[in-house]
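Undergrad: Please work out how this folds:
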Amino acid sequence: QVAASTLVSLFFRPFHHPRCPSAMIRSGRLAHQVVAGLAAAPVAAEAATITVTDNRTGKSYTIPITDDTIKATDLKQIKSPEGDPLKTYDPGYMNTTCCVSRISFIDGDKGILRYRGYPIEQLAEKSSFVEVAYLLVYGELPTAPQLAEWNRNIMRHSMIHNDMYKLHEAFRYDAHPMGMLVSALAAKGTLHPEANPALAGQDCYKDLALRNKQIVRILGGGPTIAAIAYRHRIGRPNVPSNADLGYVENFLYMLDVLHEGPTEYKPHPTLVKALDVLFILHAEHELNCSTSAMRHLASSNVDVYTATAAAAGALYGPRHGGANEAVLRMLERIGSVEAIPKFVQDVKDRKEKLMGFGHRVYKNYDPRARLVRKIADDVFAICGRQPLIEVAMELEKVALSDEYFVKRKLYPNVDFYSGLIYKAMGFPEDMFTILFAVPRLAGWLAHWSEWIDDPDNKIYRPFQIYKGEDKRDFPDIANRQQLVKGEETKMQYSNFSARRAASLAK
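TA: So this is what the prediction gives:
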């Protein structure tokens, strides 16, 4: 469709907004890509346009450029000789902007990540996760009284309804914690019908007090639900939240306390700080798969609990939230420093995959990876040095000096060392994605709230290019040929089913 027309002239001068989201910067590269090497005319920013000539019809169109971005709907004026409007084709949204956001900024080429304008390095050093959550949701850092009230409200909602405990009792002993988290987040919404637009009215979230209540309910209850899933998985009885502790401190307390009780057991402060920093680093990352899912569901005006469950479901996927598990399995498979040269060659020969290097956005060193590397030493000093750390460090050294990886801009990302830290702290591998999901609740909720206030919000409904059959008449079943091969419909059967099938076939 786009290939059917040729963009022949470009009048373009970048317009940079101080809060321009990086997705828009990436999408704006369209202007450079379609007419490579063509010099932009020195026009005023407010007159920035792109001129498109459709070689099918000979017609030219002038389309405005704002924030280095053109509106896809402006292309609808470009029509084929048959009158069909032009559309863009972008699987995986490689160069598509779907919103204006002011929450986080990424410059992948320079390795920059900022939350609401604040560099991630400063937040990791000087802030706390609870304070960062406030920043993400409300756009500014809180004062001391605001932070105290925010923390108090979140911790008060760490005490969840008893039905959540009963729900987890229904799961099998070996249920994956992420499966339990996704289910529990969706089920939590049934406890609050007053906060469901399908039940309480389409505009219920315009009530800021109601909206804020759901935000602290999810932020407060998320770690508790995660702790219940963890203790169910390892066969320990649940313990109530200790709201007198800090956010991350209480999370570790709920995971680990045994007979000591709230007065005798407190998590080690170095480990609390390490996990708090990891929570900050994982709190938000622009329009990734799970955040996009959050916005996608929000566009239908479904309740925030269902939308959050869907975002967590997207994070559950191994292409998204399971990357640090994959890094750990890769390092275990390598086994020793001596085996690295062969592994590296296998990667070059496409026999192996290098996990924890490279990123869809970052074409430089992931700024979070440097911070995680520093945390690792603090954790290892308390919990012991992981044997695989030597393998990881040598693999990083080799990859950063090998032309093959340097040329492809394959730098370590946040997942490379985080899995080793989690393993050193004693978390089972199936909890790794939970440790990603709990802090990401803050980013999801910030995007959900921003979407509600966005005057351009509309229900998400992309188009498709239909390549299927044209109109066909429905044939009688007696006259049909078998057009679907048998192997295409085969499915797995258990031995029990095979035994029953053999008996029934007699």
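Undergrad: packing partners for whichever strand or helix holds residue 340?
TA: Using DSSP states H and E, residue 340 sits within helix 340-348. Judged by 3 or more Cβ pairs under 8 Å, 6 or more residues apart in numbering; DSSP states H and E, the packing partners of helix 340-348 are helix 323-334, helix 388-401. All C-beta spots, glycine's among them, are computed from the backbone N, C-alpha and C.
Undergrad: Alpha carbons of the host helix or strand of residue 271, in PDB - could you do that?
TA: Per DSSP H and E, residue 271 falls inside helix 269-282. Output in PDB follows, covering the C-alpha atoms of helix 269-282 (Å, rounded to 0.1, in the frame of the first residue of the first chain):
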ATOM      1  CA  PRO A 269      18.600  -3.200  54.900                       C
ATOM      2  CA  THR A 270      21.200  -3.700  52.100                       C
ATOM      3  CA  LEU A 271      18.900  -6.200  50.400                       C
ATOM      4  CA  VAL A 272      15.900  -3.900  50.900                       C
ATOM      5  CA  LYS A 273      17.900  -1.100  49.200                       C
ATOM      6  CA  ALA A 274      19.000  -3.300  46.400                       C
ATOM      7  CA  LEU A 275      15.500  -4.500  45.600                       C
ATOM      8  CA  ASP A 276      14.200  -0.900  46.000                       C
ATOM      9  CA  VAL A 277      16.600   0.300  43.300                       C
ATOM     10  CA  LEU A 278      15.700  -2.700  41.100                       C
ATOM     11  CA  PHE A 279      12.100  -1.700  41.500                       C
ATOM     12  CA  ILE A 280      12.900   1.900  40.400                       C
ATOM     13  CA  LEU A 281      14.700   0.600  37.300                       C
ATOM     14  CA  HIS A 282      11.800  -1.600  36.400                       C
END
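Undergrad: roughly how far out does it sit from the chain middle?
TA: 19 Å (Cα atoms, centre = their mean, to the nearest Å).
Undergrad: can you check stretch 107-116 too?
TA: Between the centre of stretch 107-116 and the centre of its chain there are 16 Å (Cα atoms, centre = their mean).
Undergrad: Name the surrounding residues that touch that stretch.
TA: Here stretch 107-116 makes contact (Cβ atoms under 8 Å, 6 or more residues apart in numbering) with 22, 25-26, 102-106, 119-120, 123, 132, 135-136, 139-140, 283-285, 359, 361-368, 411.
Undergrad: any idea which helix is longest in the chain?
TA: Assignment by DSSP state H gives helix 208-234 as the longest helix of the chain.
Undergrad: so that helix versus helix 269-282, what angle?
TA: Using axes from the mean of the first three to the mean of the last three Cα atoms, to 10 degrees, the direction of helix 208-234 lies 120 degrees away from that of helix 269-282.
Undergrad: Check the helices and strands packed on helix 340-348 for me and report the most buried one.
TA: helix 323-334 (a mean of 20; mean count of other Cβ atoms under 10 Å).
Undergrad: Where does the prediction get shaky in the stretch 1-150 of the chain?
TA: Applying pLDDT under 70 to the stretch 1-150 of the chain flags the ranges 1-46.
Undergrad: That one: strands as residue ranges?
TA: Assigned strands in the stretch 1-150 of the chain, in chain order: 6-11, 49-53, 60-64, 104-107, 112-115, 118-119 (criterion: DSSP state E, counting those that start in this stretch).
Undergrad: Those: which one's closest to residue 443?
TA: With Cβ to Cβ, the closest approach to residue 443 among those belongs to strand 104-107: 7.5 Å.
Undergrad: Tell me where the model's unsure across this structure.
TA: Residues of the chain that meet the criterion pLDDT under 70 lie in 1-46, 362.
Undergrad: Would you mark the buried spots in the longest helix of the chain?
TA: Neighbour-count burial for helix 208-234 flags 211, 213-233 (criterion: 16 or more other Cβ atoms under 10 Å).
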